[in-house]
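[1] have a look at this prediction, sequence included:
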Amino acid sequence: MSSENRPSVPNSLNEHWMPFTSNRDFKANPRLITEAKGVYLKTHHGKTQIDASSGLFCNPLGHGREEITEAVTKQLKTLDYAQPFQQGFGGSFELATKIAKHTPGDLNKIFYTICGSTAVETAIKIAIAYHRAKGDSKRFRFVGRERAYHGMNIGATSVGGMINNVKTFASVLMPGVLHMRHTHLPEHKFISGQPDTGAELANDLERICQNFGGENIAACIVEPVAGSTGCLVPPKGYLERLREICDNHGILLIFDEVICGWGRMGSVFASQEFGVVPDMMTLAKATTNGVVPMGVVACKDEMYDALMDSSPQGAIELFHGYTYSGIPVSVAAALAVQEIFEKDDIFNKVKGMVEYFQKSIFSLKDLDSVANIRGQGLMAGIDMKLNTKPGKAGFETFKACYDVGVNFKATGDCLIIAPQFICEKKHIDEIIDKLRTGITNYQKNQKN
Ligand SMILES: Cc1ncc(COP(=O)(O)O)c(C=O)c1O
C-alpha cells in the first residue's frame, strides 16, 4: 500500500514495540503524525502542531525540504547503493571535504557511520586503535559523565550516564568506564548561557587520573552541552580545563556533537562556540536533516596518519565499518543539507535568532510548575516541578502541550525545546504561547 493510501490509524497497534515509549499508555491513546511541512506537523486527529524540538533535534532545516527530496530521489535513480568496503563512489569524498571545511582545528578525516550511537562506538574504537598504533596498548579506560546521553549500543550506553538507560544493562556494559559528575549545580537557576560557577567539576577527570592512572585512559567523551538530559550548559572554563587535563595525560578528548553540531549552539559546532578543540567529534542528526540516517566521526589528521603509518602497505588499517557507512542515499541528503546551509546562510540566521529565542523561553519562568530553565543557542531545557514521582510532570506536560499544538521531546521532568533553524520570530512566539497554554492546562488538571 502506498503511504498516501494508508489509514491514519493502523488496524493494530499491538505488534510494533516502540522505542523509548510507554507502549501501554501510547496504545491506549495514540499520537500519530501524518504529515510534516516546514515548521508544522499534522496529527491523525487532523490538528496542526508546531515542531518545537526539530523532531529529535534532527530536522532543523524544516520538514519536507524539496531540495533534499530531489537530491535523494535523483541519487536513488542513478546509484542506489555502492559497497563502502574496498570501493566507493564520488559523493562520499565530496561530502567529507565539505564537512572538513567546517570542523575545527585539524579534524579533517571523516569516517561515516549509521547514526549517533554508531558514531560514538566508532570513536571509542578509533581511540583504542590510535593508541595501539602509537605503541600504547595499555590505555583501555574511557571516561564519560553522569547524565550524558551518547546513544544506545553497548559502547555508547557504557560511556553514557543516564541511570535509567544503564541500570538494566549493567552486566553487559564495557569494563573500565568511569564517570565524572555532571555539571548541574543547585545554584544554576534560570541561567541563559554558561554558568559562572562549576568549572572545578572538570577536576573530576584529574581525580580519576590520580586514582586509576591517567596513562590507562584512552579517551574522555562529553557532550559540550548535554542535550537529551535537558540542556546542561558547561560552566565557564569547564571545557578548557578538560582539554588541559587530557593534554597533560595524553588522553583523547571526544566531543559528542550529535545534537550540538551544525549550528544548534550558535556557532557551526559547540567546539567553536566555546573555543575548545577536541581530538574527535561525533555528528549525526542534522547532518542529513534527519531524513535518512547518517553518523560521522571527525578525527584529527594526526590520528589518521598514525593508523596509516603503522599498517603495512595494502593492509586494511582499521577493521571497522558498516554496510551503511556513507551510502549514496545518506550522502545525497547530506550534500543537499550542506548546500542549504550555504545558500540560506543558516549559521548566521541561527546566530541572529539566539537572543530572541533565549529571551522568549525565559518568559515562562513565572509559571508555578516551572522549576528551572536553562538555555544555549537555539536549545533550552525547562525543568518541571516534581509531581508525586519522577517523570510524571514531564510526561503529563508533554501531553497537555501536544493537545494544544506544540510538539517537543520531554526527558524525565524536563521539556527540551530546540526550534528549527528556519523559525522566524512569529514561530518562536507561537511556540512560547502554546507552551504557556499547555503548561497552564497541565497545572489546572493537577488541581481538578
Ligand atoms: C549527544 C548524542 N549522542 C548520540 C546520540 C545517539 O544518536 P542515535 O539515536 O542517532 O543513535 C544522541 C541521540 O539523541 C545524542 O543526543
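    Received, thanks.
[2] what's the local residue count around the nearest residue to Pro235 once chain neighbours are set aside?
    Residue nearest to Pro235 in three dimensions, not counting chain neighbours: Gly198, with 3.4 Å by C-beta to C-beta, 6 or more residues apart in numbering. Glycine gets a C-beta too; all of them are placed from N, C-alpha and C. The number of residues packed near Gly198 is 22, by other C-beta atoms under 10 Å.
[3] residues near the residue of the stretch 301-448 of the chain found nearest the ligand, how many?
    In the stretch 301-448 of the chain, no residue comes nearer to the ligand than Lys409, which is 8.8 Å away by C-beta to the nearest ligand atom. By the criterion of other C-beta under 10 Å, Lys409 has 21 neighbours.
[4] the residue nearest to Pro235 contacts His182, correct?
    No. The pair Gly198 / His182 is not scored as a contact, 9.8 Å apart, by C-beta atoms under 8 Å.
[5] enumerate the residues of the stretch 151-300 of the chain near the ligand.
    Contact residues (C-beta under 6 Å from any ligand atom) of the stretch 151-300 of the chain with the ligand: Gly151, Glu223, Gly227, Ser228, Asp256, Val258, Ile259, Ala284.
[6] okay, these in JSON lines with pLDDT next?
    Below are those laid out as JSON lines (pLDDT from 0 to 100):
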{"residue": "Gly151", "pLDDT": "98"}
{"residue": "Glu223", "pLDDT": "98"}
{"residue": "Gly227", "pLDDT": "97"}
{"residue": "Ser228", "pLDDT": "96"}
{"residue": "Asp256", "pLDDT": "98"}
{"residue": "Val258", "pLDDT": "98"}
{"residue": "Ile259", "pLDDT": "98"}
{"residue": "Ala284", "pLDDT": "98"}
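[7] drop anything exposed from the residues you listed.
    Buried by 16 or more other C-beta atoms under 10 Å: Gly151, Glu223, Gly227, Ser228, Asp256, Val258, Ile259, Ala284, out of these.
[8] can I take it that Lys189 is in a strand?
    No. Counting by DSSP: H, G, I helix; E, B strand; the rest coil, Lys189 falls outside a strand, being coil.
[9] ramachandran coordinates for it?
    Note on Lys189: its backbone torsions stand at phi -110, psi 130 [degrees, to the nearest 10].
[10] what do you get for Lys409?
    phi -100, psi 130.
[11] likewise for Phe319?
    According to degrees, to the nearest 10, Phe319 has phi -80, psi 80.
[12] and the residue nearest in space to the middle of the chain, helix, strand or coil?
    In the chain, the residue lying closest to the centroid (C-alpha atoms, centre = their mean) is Ile259, at 2.6 Å. State at Ile259, reduced to three classes by three-state DSSP: coil.
[13] what's near enough to touch it?
    Applying C-beta atoms under 8 Å, 6 or more residues apart in numbering to Ile259 gives the contacts Phe57, Glu223, Val225, Gly227, Ser228, Lys285, Met379, Ala418.
[14] from what I see, the last one and Gly263 are in contact.
    No. Here Ala418 lies out of contact with Gly263, judged by C-beta under 8 Å, at a distance of 11.0 Å.
[15] tell me the contacts of the residue in the stretch 201-350 of the chain that the ligand sits nearest to?
    Closest residue of the stretch 201-350 of the chain to the ligand, C-beta to the nearest ligand atom: Val258 (3.5 Å). Going by C-beta under 8 Å, 6+ apart, Val258 touches Gly116, Ala119, Val120, His150, Gly151, Glu223, Gly227, Thr282, Leu283, Ala284, Lys285, Gly295.
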